[in-house]
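Undergrad: Generate coordinates for the sequence data below:
(one chain, ligands or ions: 1)
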Amino acid sequence: MEKHAQLHKLIVENYTRAVRKEWKRHEKHDIEYKTTLYLLQRYLPKTGLILDAGGGPGRYTIELAKRGYKIILLDTTQANLNFAKRRIHRKGVENNVLDIVNGRIEDLSMFEDKKFDAVLCLGGPLSHVMDAKLRKKAVSELFRVAKDNAPIFVSVMSRIASICRLTIDPKFQRELAAPYFKNFVLNGDYEGGYGFTAFHGFLQEEFRALFQKQRAKNLRIFALEGFFYIRGKSTEQLQKKKKLWDIAWKTYLSLLERPDVVGVSDHFIAISKK
Ligand SMILES: C[S@@+](CC[C@H](N)C(=O)[O-])C[C@H]1O[C@@H](n2cnc3c(N)ncnc32)[C@H](O)[C@@H]1O
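TA: Reported below is the predicted structural model:
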């Protein structure tokens, strides 16, 4: 099996084992989730049909279906889709979820051109495409299925934030001596084996270039955690001090688009129009 296919298999196996963990990820990573919702609210049209590509167990699908959007959920991990189906039913939003599709963002040929009023690919599915050519293909597919002027939201994992974590957090420091580390700094590819599954850590400029190739309009890149990227106890404690947290949160939101804040963010998001 070629390397990319092998890594894809490992990624699917990882998410098959981690369905509940993935569903709960937004509690642990609440800053990423809240920032993403804040940006969706700002840039989504008021109504319409949305593709949630790589939507996993359906956190955004359910939230947006509750808000009245029509959604198609797509993911490559069947266990996530089975879980999503039960949650969608439990939340009573099945009328707004028009389809649940097992598929990959590299090949959206099940959808015709210009089908969707908005396209989402959130929380890193593009980082799990371990081949540079296929990442380009995936972005071109996300654009192909969007209507003209539809917003496209794609968030990925950051290479710099991963390197920061490895150097700062004692839990990960031993990985500085792991065989993969030097290459990861150079090319962003991590093939798994040390806790997390395979992913590509993006640099901002490389991410931006993928959208420029599609002639994306109004391209903007925002941090999704920014300087809260290492969410230790200190951030949790600050969140409990309402007045101080309000100031910190407003400050953080005002700096979301600064390239230095984007760079250290665990995840960053590109928002553009077709
Ligand atoms: C970290 S989860 C994000 C889930 C969801 N979008 C969110 O933000 O909560 C990554 C998801 O990407 C999916 N995935 C990985 N590679 C993919 C691919 N090539 N095409 C579609 N989905 C993929 C995984 O199955 C997993 O559900």
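Undergrad: in what helix or strand does L73 lie?
TA: strand 70-75 (DSSP states H and E).
Undergrad: whoops, I mixed them up, W23
TA: helix 19-28.
Undergrad: Relative to I221, how far out is the residue of the chain at minimum distance from the ligand?
TA: Residue nearest to the ligand within the chain (Cβ to the nearest ligand atom): G123, separated by 2.3 Å. No exception for glycine: its C-beta is placed from N, CA and C like everyone else's. From G123 over to I221 the distance is 16 Å, taken as Cβ to Cβ, to the nearest Å.
Undergrad: Of the two, which one has the most company?
TA: Remark: of G123 and I221, G123 carries more neighbours, 25 against 21, as counted by other Cβ atoms under 10 Å.
Undergrad: correct me, but that one touches D266?
TA: No: contact criterion Cβ atoms under 8 Å: G123 and D266 do not qualify, at 10.5 Å.
Undergrad: Now do the strands in the stretch 1-150 of the chain.
TA: Ranges of strands in the stretch 1-150 of the chain, per DSSP state E, counting those that start in this stretch, are 49-53, 70-75, 97-102, 118-121.
Undergrad: Looking at the ones you listed, which is nearest to V19?
TA: Distance to V19, taken as Cβ to Cβ, is lowest for strand 70-75 among the strands of the stretch 1-150 of the chain, at 10.8 Å.
Undergrad: List the buried residues of the strand or helix carrying D260.
TA: If you go by DSSP H and E, D260 is part of helix 259-264. When neighbours are counted by 16 or more other Cβ atoms under 10 Å, the buried residues of helix 259-264 are found to be 261-264.
Undergrad: How about stretch 159-170?
TA: Quick answer for stretch 159-170 (16+ other Cβ under 10 Å): 159-166.
Undergrad: so of those, which ones are in helices?
TA: Counted as lying in helices by DSSP state H, out of those, are 159-166.
Undergrad: could you dump the residues you listed to a markdown table with distance to the ligand and pLDDT?
TA: Shown next, in a markdown table, are these (distance: Cβ to the nearest ligand atom, whole Å; pLDDT from 0 to 100):
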| residue | distance to the ligand | pLDDT |
| --- | --- | --- |
| R159 | 16 | 96 |
| I160 | 19 | 95 |
| A161 | 15 | 93 |
| S162 | 14 | 93 |
| I163 | 19 | 94 |
| C164 | 19 | 90 |
| R165 | 16 | 88 |
| L166 | 19 | 91 |
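Undergrad: And the helices in the stretch 51-200 of the chain?
TA: Secondary structure of the stretch 51-200 of the chain, counting by DSSP state H, counting those that start in this stretch: helices at 59-66, 78-90, 132-144, 159-168, 181-187.
Undergrad: Please identify the most buried of those.
TA: helix 59-66 (a mean of 22; mean count of other Cβ atoms under 10 Å).
Undergrad: and the angle from that one to strand 70-75?
TA: 170 degrees (axes from the mean of the first three to the mean of the last three Cα atoms, to 10 degrees).
Undergrad: and helix 59-66, does that touch the ligand?
TA: Yes: contact of helix 59-66 with the ligand (Cβ under 6 Å from any ligand atom) involves R59.
Undergrad: which other helices and strands contact that helix?
TA: helix 30-43, strand 49-53, strand 70-75, helix 78-90 (3 or more Cβ pairs under 8 Å, 6 or more residues apart in numbering; DSSP states H and E).
Undergrad: Adding distance to the ligand, write the ones you listed out as TSV.
TA: Shown next, in TSV, are the helices and strands packed on helix 59-66 (distance: least, Cβ to the nearest ligand atom, whole Å):
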stretch	distance to the ligand
helix 30-43	7
strand 49-53	6
strand 70-75	5
helix 78-90	5
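Undergrad: right, and Q212 touches E206 too?
TA: No: taking contacts as Cβ under 8 Å, Q212 lies outside contact range of E206: 10.8 Å.
Undergrad: Those two: which is more packed in?
TA: Between Q212 and E206, counting by other Cβ under 10 Å, E206 is the more crowded of the two (16 against 10).
Undergrad: For that one, give me its contacts.
TA: For E206, the contact set (Cβ atoms under 8 Å, 6 or more residues apart in numbering) comprises G188.
Undergrad: and what of the one 10 residues further on?
TA: A216 sits next to 143, 152, 270, 272-274 when contact means Cβ under 8 Å, 6+ apart.
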